[in-house]
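# One predicted model, sequence on top.
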Amino acid sequence: MQEVMMAKGADTVIRTCGGVQVGETVLVIADYTTVDMARPLAAAARAAGARPLISIMEPREADGNEPPRALAAAMREADLFVAPVSRSITHTRAVKEAVQNGSRGLMLTQFVPDMLAAGGIEADFSSLAPEARETAAAMERGERLRVTNPAGTDLVMDIAGRRGNALVCMVKPGEFSPVPNVEANVSPIEGSASGRLVVDASVPYAGIGVLRDPIYCEVREGYIISIDGGEEAVRLSTALAGMDDPMVYNVAEVGIGLNPHCRLRGLMLEDEGVYGTVHIGIGTNITLGGKVQAACHYDLIISEPTVSIDESPILRAGKVIEL
């Protein structure tokens, strides 16, 4: 019965998000813990007239670790690759090189079966795309970005010359998108971010999820230099320190969630898509227009944010301002 409930969402992923055509090759990438997610996606690809392949790998040790080289090669050759995996491979060279080769990519990190039945997957992605693209364009036109929220966040950074990215859950050749977190994002100039980040919504990594207590981060010259708070802050700090890579503290991204069907639940691609939230990505930014390859990419989600570009707000207290 569960796979019956998942079938509609799987069809949305393959046909609507992936735009699959008859005869295309669809590579479904799973790990040992997500095999059950791969089957309905492969079935949907077959029903659409495509040629599905399923590749199963060991779960990555951390979010942002590269997939095996043989799998990376297969991603470059597939018309579409779909990745229902337990730990993210989104911000990796494998994804960057695959889309540069003309592949299309859909990232379904931390998907559980009911996410193919309800929630963010139920959105009308076509209707949400224009707002995401307009917001990304405003980011691309800007030079200076500021993020604040009532919990105490006040973070500024330079974005001049950086591309704005609209991830709308629908891909063309040479594009990737997470699903279902419709978002607009930008990667700041390395070394430019400074201020205070108070994470009060979710850290859907390292087993943390929806927060009970805020996490307080001080940012200087583009890097988080301190992490304070309660037990969840300790868990985040421990996880990052365990990477043994100073670049994991790089402020890599400012992303605005734009899917009204998403809800905070401690799962990455639902939490990051919640409408009107902001996630501050840290670590790798090479897939977003930056220059840093780190041992991970984590997103730290804040509530009721205001985002201003060159002192003009584009998001005020979690509400998008008409541009």
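Yep, it's here. Numbering: from 1, shown residues only.
# who does whatever helix or strand Ile282 lives in pair up with?
Following DSSP states H and E, one finds Ile282 within strand 278-283. Using DSSP bridges, the strands paired with strand 278-283 in its sheet are strand 251-257 (antiparallel), strand 297-302 (antiparallel).
# And stretch 180-192, end to end?
30 Å (CA to CA, to the nearest Å).
# ok, the nearest residue to Tyr275 once chain neighbours are set aside - contacts?
Leaving aside its chain neighbours, Tyr275 sits nearest to Pro260 (4.5 Å; criterion: CB to CB, 6 or more residues apart in numbering). Where you see a C-beta, it was placed from the backbone N, CA and C, and this is true even at glycine. Pro260 makes contact with Ala123, Leu128, Tyr275 under the criterion CB atoms under 8 Å, 6 or more residues apart in numbering.
# among the residues you listed, which ones are buried?
Neighbour counting with 16 or more other CB atoms under 10 Å marks Ala123, Leu128, Tyr275 as buried within the contacts of Pro260.
# possible to save these as CSV with distance to Ser192 and secondary structure?
Below are the buried ones among the contacts of Pro260 laid out as CSV (distance: CB to CB, whole Å; DSSP: H, G, I helix; E, B strand; the rest coil):
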residue, distance to Ser192, secondary structure
Ala123, 33, coil
Leu128, 30, helix
Tyr275, 27, coil
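# So, low pLDDT: which residues of the stretch 1-150 of the chain?
Low-confidence segments of the stretch 1-150 of the chain (pLDDT under 70): 1-3.
# Which stretches in the stretch 151-300 of the chain count as helices?
231-241, 268-271 (DSSP state H, counting those that start in this stretch).
# wait, which of those is closest to Arg69?
Closest to Arg69 of those is helix 268-271 (CB to CB; 24.8 Å).
# neighbouring contacts of that closest one?
Contacts for helix 268-271 (CB under 8 Å, 6+ apart): 88, 107-111, 115, 119-120, 178-181, 201-202, 204-205, 210, 262-265, 277, 279, 299, 301.
# Just send the helices of the stretch 151-300 of the chain back as a markdown table, with distance to Pro59 and mean pLDDT too.
Output for those, formatted as a markdown table (distance: least, CB to CB, whole Å; pLDDT from 0 to 100):
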| stretch | distance to Pro59 | mean pLDDT |
| --- | --- | --- |
| helix 231-241 | 15 | 98 |
| helix 268-271 | 14 | 95 |
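# can you tell me which of those helices comes nearest to Gly102?
helix 268-271 (24.1 Å).
# Give me the distance between the most centrally placed residue in the chain and Ala184.
Nearest to the geometric centre of the chain sits Pro178, at 5.5 Å (CA atoms, centre = their mean). As judged by CB to CB, to the nearest Å, Pro178 and Ala184 stand 13 Å apart.
# any common contacting residues for these two?
Taking CB under 8 Å, 6+ apart as the contact rule, Pro178 and Ala184 both touch Leu167.
# mind checking how far Ile286 is from Arg93?
Ile286 is 7 Å from Arg93, by CB to CB.
# who has more neighbours, those two?
For the pair Ile286 and Arg93, the greater number of neighbours falls to Ile286 (18 against 15), based on other CB atoms under 10 Å.
# wait, Ser55 sits on Ile29?
Yes - if you go by CB atoms under 8 Å, Ser55 and Ile29 touch, sitting 5.3 Å apart.
# Off-centre distance for stretch 312-323?
How far stretch 312-323 lies from its chain's middle: 21 Å, per CA atoms, centre = their mean, to the nearest Å.
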